[in-house]
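Participant: Okay, structure incoming, though there's no sequence with it:
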């Protein structure tokens, strides 16, 4: 008999892939004799390397090496050589569906995620909105494995030990916190406007936190044009701030640093999920999206989700739709004090 070998497919953005980690970890732990190969983009490798001995990672460059139908056929032939016994499609988009079809035609055991599209339409409807808690992504992923014959009880704390990642692996250039110094992470940007707290208001959050805790070290996470325009100004005005990507150049190192924060302030974005994977409490800020859509970070306290009640919320699952009101009141009307007070509650527990 073939040794049980499970293929897990999840491409997409970093945050979505990060949400698979607790479920894949629990699966591997509860079925130690089953080999698990995660197929994703190369950026996700640090999330799975050294997670558990029976978890492997396989990267697929869908933009070049495996582009189009010809590329997917080439990828499928490569996957056949791995001798999988079951296929879990945790993405269910055109590319993964095509691979799934090929495996189905060759009589493999295949299951795919249920995205609950009807429920998503109801919760984001502009009229007759039904604001109910949808199944979380973690539950949706676990359901796929159950349909393949691998029911899993999702138990997970962190990709690191209780002490966090090894800070000695980080470059010398990174300013390190002193003993007992509070450490706060702030990731103020996201992929879509409806998920971004206004920069001027987030700077007020920074100023208020530093006024309350002058010795605090604030690490600013994210990399891109907006970060390059904003973070150097904040660092110049507030020496306690550190622009992380100027010192760390890979995801694994960022995860190590996140594991030593007392709290992370993040949008509904990848950094919320990354911090969740290292057991760091997250104060998450929600605008166009909503925790009820099932994308809250793993094991995060719902009370730490900052949001205001508006009849139009949520207007989309991923925050990509233009604001129906035209003013993004869902973000602009959140007072900085709401965020600061929630951070304070977490810091006081430490």
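Facilitator: Perfect, thanks for sending it. None of the values given here were measured: they were computed from a predicted structure. Numbering: from 1, shown residues only.

Participant: Going along the chain, name the strands of the stretch 101-250 of the chain.
Facilitator: Along the stretch 101-250 of the chain, counting by DSSP state E, counting those that start in this stretch, strands occupy 109-112, 183-187, 217-220, 241-243.

Participant: For residue 261, see how far away residue 218 is.
Facilitator: 10 Å (Cβ to Cβ, to the nearest Å). In this view, the C-beta of every residue, glycine as well, is placed from N, C-alpha and C.

Participant: part of a helix, is residue 36?
Facilitator: No. The assignment for residue 36 (DSSP: H, G, I helix; E, B strand; the rest coil) gives strand, which keeps it out of a helix.

Participant: going forward, begin numbering at 52 instead of 1
Facilitator: OK, 52 is where the count begins now, so the last one is residue 87.

Participant: ok, it to residue 79 distance?
Facilitator: 5 Å.

Participant: which one of these two has more residues nearby?
Facilitator: More crowded of residue 87 and residue 79, by other Cβ atoms under 10 Å: residue 87, with 24 against 21.

Participant: now the helices for the protein?
Facilitator: In the chain, the segments counted as helices under DSSP state H are 65-69, 72-81, 96-99, 119-131, 145-156, 168-175, 188-198, 250-263, 276-288, 302-309, 321-327, 380-383, 387-400.

Participant: right, so those: which one is the most enclosed?
Facilitator: Greatest average neighbour count among the helices of the chain goes to helix 321-327 (a mean of 28), per mean count of other Cβ atoms under 10 Å.

Participant: one step back: okay, the strands of the stretch 152-301 of the chain, which one's buried deepest?
Facilitator: Comparing the strands of the stretch 152-301 of the chain by mean neighbour count (mean count of other Cβ under 10 Å), strand 234-238 comes out on top with a mean of 25.

Participant: Would you mind telling me which of the helices of the chain is nearest residue 352?
Facilitator: Set against residue 352 and scored by Cβ to Cβ, those come closest in helix 387-400, at 8.8 Å.

Participant: the inter-axis angle of that closest one versus strand 234-238?
Facilitator: 150 degrees (axes from the mean of the first three to the mean of the last three Cα atoms, to 10 degrees).

Participant: which residues sit against helix 387-400?
Facilitator: The contact list for helix 387-400 (Cβ atoms under 8 Å, 6 or more residues apart in numbering) reads 233, 235, 248, 252-253, 255-256, 259-260, 263-264, 313-314, 316, 332, 334, 336, 354-355, 357.

Participant: distance between it and the chain's centre?
Facilitator: Centroid separation for helix 387-400 versus its chain: 22 Å, with Cα atoms, centre = their mean, to the nearest Å.

Participant: Give the residue spans of this structure that score low on pLDDT.
Facilitator: Filtered on pLDDT under 70, the chain yields the residue ranges 52.

Participant: Does residue 340 touch residue 369 like I think?
Facilitator: Yes. Assessed by Cβ atoms under 8 Å, residue 340 is found in contact with residue 369 at 6.9 Å.

Participant: Looking at those two, which is more packed in?
Facilitator: residue 340 (27 against 20).

Participant: Could you list which residues are in contact with the more buried one?
Facilitator: Residue 340 is in contact with 245-246, 319, 346, 365, 367-370, counting by Cβ under 8 Å, 6+ apart.

Participant: Most neighbours among those, which one?
Facilitator: Neighbour max across the contacts of residue 340 (other Cβ under 10 Å) = residue 319, 31 neighbours.

Participant: what sits against that one?
Facilitator: 241, 246, 335-338, 340, 346, 370.

Participant: please redo it, this time with the cut-off set to 10 Å
Facilitator: By Cβ atoms under 10 Å, 6 or more residues apart in numbering, residue 319 lies in contact with 66, 241-243, 245-247, 335-342, 344, 346-348, 356, 358, 365, 369-370.

Participant: Distance check, it against residue 299.
Facilitator: The value you get for residue 319 to residue 299, if Cβ to Cβ is used, is 23 Å.

Participant: Ok, residue 162 next?
Facilitator: 37 Å.

Participant: likewise residue 209?
Facilitator: The gap separating residue 209 from residue 299 is 19 Å, by Cβ to Cβ.

Participant: ok, now how distant is the nearest residue to residue 142 once chain neighbours are set aside from residue 396?
Facilitator: Leaving aside its chain neighbours, residue 142 sits nearest to residue 61 (5.0 Å; criterion: Cβ to Cβ, 6 or more residues apart in numbering). Computed as Cβ to Cβ, the residue 61 to residue 396 distance reads 34 Å.

Participant: Next, give phi and psi for residue 158.
Facilitator: phi 70, psi 40 (degrees, to the nearest 10).
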